[in-house]
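**Q** I need the structure of the sequence given here:
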Amino acid sequence: MRVLGVDPGLTRCGIGVVDGVAGRSLRMLGVGVVRTPADADIGARLLLIESGIERWLDEHRPEYVAVERVFSQHNIRTVMGTAQASAVAILCASRRGLPVALHTPSEVKAAVTGSGRADKAQVGAMVTRLLRLDAPPKPADAADALALAICHIWRAPAVNRLQQAHAAARRTPAPPIAAVPKGARSDRGETQ
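**A** Numbering: from 1, shown residues only. Modelled structure (predicted):
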């Protein structure tokens, strides 16, 4: 499974590509950051993010795209920029028919470090170890993008089985409920 992880941000959008299967060694294929100037118009910044993500999609041809789910922060301006960059990543993947998975920061941290409260240094250290890198990817946005891809590779099989079970349950009609004839006793001894 080849996954492009996206840690969305308006100034720095982390991108990482990981190849692997749950339970086996993982391999990093690429990592980087799409940067936009803070003083540029919002439209120009979003176009820069789009062209950067498109280049990564063209070069690495992932099968899935994993994006960090935007969560509520105290700084509305930051969350808006993150949401806008996230939407661009989702749009780029959807335009190509690629499945997109959203993972919360705590899901990613828990998958990679074992703790949903891990700090950026712990995430970077585990990404370095899991991918057998010489040093943690810099900046932290790049390491976070790799962590997203790793999280998706590890979580996807369980999520897929759950989705298949839900789909099968929707296709299978529920068994009819046996009616107790009027005047008969139910299994609790009550008369109907």
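
**Q** all helices of this protein, in order?
**A** Assigned by DSSP state H, the helices in the chain fall at 42-60, 76-95, 105-113, 120-130, 140-171.

**Q** could you single out the most deeply buried of these?
**A** Burial of the helices of the chain is given as mean neighbour count (mean count of other Cβ atoms under 10 Å); helix 105-113 ranks first at a mean of 20. The way it works is simple: take the backbone N, C-alpha and C, and place the C-beta from them, glycine included.

**Q** and it, C-alpha only, in CSV?
**A** What follows is helix 105-113 as a C-alpha-only set of coordinates in CSV (Å, rounded to 0.1, in the frame of the first residue of the first chain):
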residue,chain,number,x,y,z
PRO,A,105,-3.8,14.1,15.6
SER,A,106,-4.4,11.9,18.6
GLU,A,107,-5.1,8.8,16.4
VAL,A,108,-1.8,9.4,14.5
LYS,A,109,0.2,9.9,17.7
ALA,A,110,-1.4,6.8,19.3
ALA,A,111,-0.7,4.7,16.2
VAL,A,112,2.9,5.8,15.9
THR,A,113,4.0,6.2,19.5
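
**Q** got the confidence number for residue 158?
**A** At residue 158, the pLDDT value in this model is 73.

**Q** state the distance from it to residue 63.
**A** Counting by Cβ to Cβ, to the nearest Å, the gap from residue 158 to residue 63 is 17 Å.

**Q** could you list the low-pLDDT ranges of this structure?
**A** Residue ranges of the chain with pLDDT under 70: 72-73, 159-163, 166, 174-175, 177-192.

**Q** let's see that with 90 instead.
**A** Under the criterion pLDDT under 90, the flagged ranges of the chain are 22-23, 70-79, 81, 155-192.
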